[in-house]
Structure formats: C-alpha cells, structure tokens
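> model the following, please.
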Amino acid sequence: MAYKSLLTVVTDAEQSKPALAQMVALADGQDAHADALCLGVDRSQAGYYYAGANALVLQETLSRANAEADELLVHTKDYLGKSGIRWSAESGVAQIADIGRHVAHRARFSDLVVLPQPYGKDRGAESEPIVEAAMFEGHAPVLVTPENATPFQRPGTILIGWNESVEAMRAIRRALPFLVQADVVRIVVIDPPRHGPDRSDPGGLLSQMLARHGAKCEIDVLSKTMTRVSDILNRHAADSEADMIVMGAYGHSRFREAILGGATRNMLEQASVPVFMAH
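The predicted structure is shown next:
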C-alpha cells in the first residue's frame, strides 16, 4: 500500500513552494504521480457593486483571474519539469465561493493532498476552503506543510496524537503507508483517563495493531502541562525531532465550526512540521 496519486492546489506561487517541494519529494520516494491544480481565484462578489458596474467589474476580475491562472501554470510546470518525477499540471478559474467544489472533485481521486499551511501572513481567503474541501468533501487525507518544513521522502519519526477518537483512528488508518515506513512511531497520549478500559496500558492496543503492520511503535504518556493540546504536541514534536504529526480533524457540517478556534486550527497555526489529517 502506498500513495500513488498526489495532488496539490496552487493559488499563490510563493506560498505553494513548501507544498510543491514536499509533493515532489514524496512522488520521488514513493514512485507516485504528482498532479497540480493551478487556480486563478475570482474574488468578486456580484451583489456588492453599484448598478451598471457589474459587467465591467466582473469582466475585469475574470480577466485578472485568468491571467493569474496562466502565470501559476507556467511557474508550476517549470518547477515540476525540473524534478524528474511523473507529473501533470492544469489551470482553471474558480470563484471564491465555488472553489471548494473544484478542489473536492480532484481530491476525491487522489490518495493524498499536499497543501500549504492555511494560516499565516498574507494567506488568501481561499486557503481555508481548499483544505476544507479536500478533507471534508473530497474525503482525502491532507498533509499540511508549514513554510519552513524540510521535505521528506520517508518520515523517520512520526508522532500520533492519540485520544481514542474516531477521527484520530481514521487518520491513523489513512496514514498507514507512512507509519510502516517510519523508523519510529511515537503514540502520544496526553492525560489518559484514570478509569478508562485502557488505564493500565494507554495506547497499547493501537501499538499492537500498528506493530502487526510492521510499524515500530513507542508510547509517550504526557501530562497536560499546557492549556492547549496542540502546544504540547508541537513541543513534543520538536523535542523528539519528529518529521510529521498524525491527528484527526474535528468538525461538523462547516469547516469554520470545525477548526477555527479549535484544536485543529491551533495545530495548523503553530506546527513546524507537516501535519497529516483525515476526517
């Protein structure tokens, strides 16, 4: 089992660099095919202009989005063309309110979607909906790549944020190709319940399941010494020199309800290593 179809979505040449670099490294290491969808984003809102201006404004914004898509395609083709991997790239234009539909359709036929960090300086309004669409509507696992992360072909050390939730287990199952390749998988349990069924061996059953796949597991039981679980995970990732964090993405019907202000958003804002998520 491996990731053979990789996808990234490019809406900004500069901010796409970490995701493109990570996708190329994975495609090279796993003999996979890399796809890039270059989208010019039409950010116009037709109902907000004065009467008679709509046609002119919409034409201008559409022309700008088309030119942007063409520039992104040239940039991406040049980058991927030098990589030596199998790749394809295409361009298109999407309105900001409809961008999720285009991303979800492509993500549905991908094994893994590699995207840049959706939060940070100069991030466009489309960054959040793209992650949302790939994960919640496209039902694909997503590898979110921070700006200064070092690309890897095969992760050496992986941290799993384990809280026995359905979301975490789903992410773990989708991350199995990475987990079995890693030198060590560290199952991180933070403040396990004192009276739960696994109180005497927190993370033990998960470790057993992964070991049967060939993963080399260790269990780290940590105290909740910081308010936010994401801060504990990020600190432990730095201390253990982890290459990647695996965690479940929590949500309901809407992405903003799912992660804005929650543990998932905090993780994506602060992570210094790629974060693998599935829902």
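> so for the residue nearest to Pro146 when sequence neighbours are not counted, what's the pLDDT?
Excluding the flanking residues, the one nearest Pro146 by Cβ to Cβ, 6 or more residues apart in numbering is Gln117, at 5.1 Å. Where you see a C-beta, it was placed from the backbone N, CA and C, and this is true even at glycine. We have a pLDDT of 93 for Gln117.
> contacting residues around Gln117?
Pro18, Arg123, Val144, Thr145, Pro146, Glu147, Leu268, Glu269, Ala271 (Cβ atoms under 8 Å, 6 or more residues apart in numbering).
> and the third one, bridged to which residues?
Bridge pairing for Val144 (DSSP bridges) gives the partners Leu115, Val275.
> right, and it touches Met277 too?
Yes: with contact defined as Cβ atoms under 8 Å, Val144 and Met277 form a contacting pair (6.8 Å).
> let me see the contact set for the residue nearest to Cys217 when sequence neighbours are not counted.
Distances taken as Cβ to Cβ, 6+ apart put Ser207 closest to Cys217, at 4.2 Å, once the chain neighbours are dropped. Residues near Ser207 by Cβ under 8 Å, 6+ apart: Ile187, Cys217, Glu218, Ile219.
> how many other residues sit next to the second one?
A count of neighbours around Cys217, defined by other Cβ atoms under 10 Å, yields 21.
> quick one, phi/psi of the nearest residue to Leu179 once chain neighbours are set aside?
Leaving aside its sequence neighbours, Leu179 sits nearest to Ala215 (Cβ to Cβ, 6+ apart; 4.7 Å). Note on Ala215: its backbone torsions stand at phi -80, psi 150 [degrees, to the nearest 10].
> list the buried residues of the one helix or strand Leu72 maps to.
Here Leu72 sits within helix 54-81, counting by DSSP states H and E. By 16 or more other Cβ atoms under 10 Å, the buried positions in helix 54-81 come out as 57-58, 61, 64-65, 68-69, 72-73, 75-77, 79-80.
> so where do the helices sit in the stretch 101-250 of the chain?
127-132, 166-174, 176-179, 204-212, 229-239 (DSSP state H, counting those that start in this stretch).
> which of the contacts of Ser207 fall within strands?
Ile187, Cys217, Glu218, Ile219 (DSSP state E).
> run a quick neighbour tally on the third one.
Glu218 has 13 neighbours, counted by other Cβ under 10 Å.
> cool, the last one as well?
The local packing of Ile219 (other Cβ under 10 Å) involves 17 other residues.
> what bridges to it?
Ile187.
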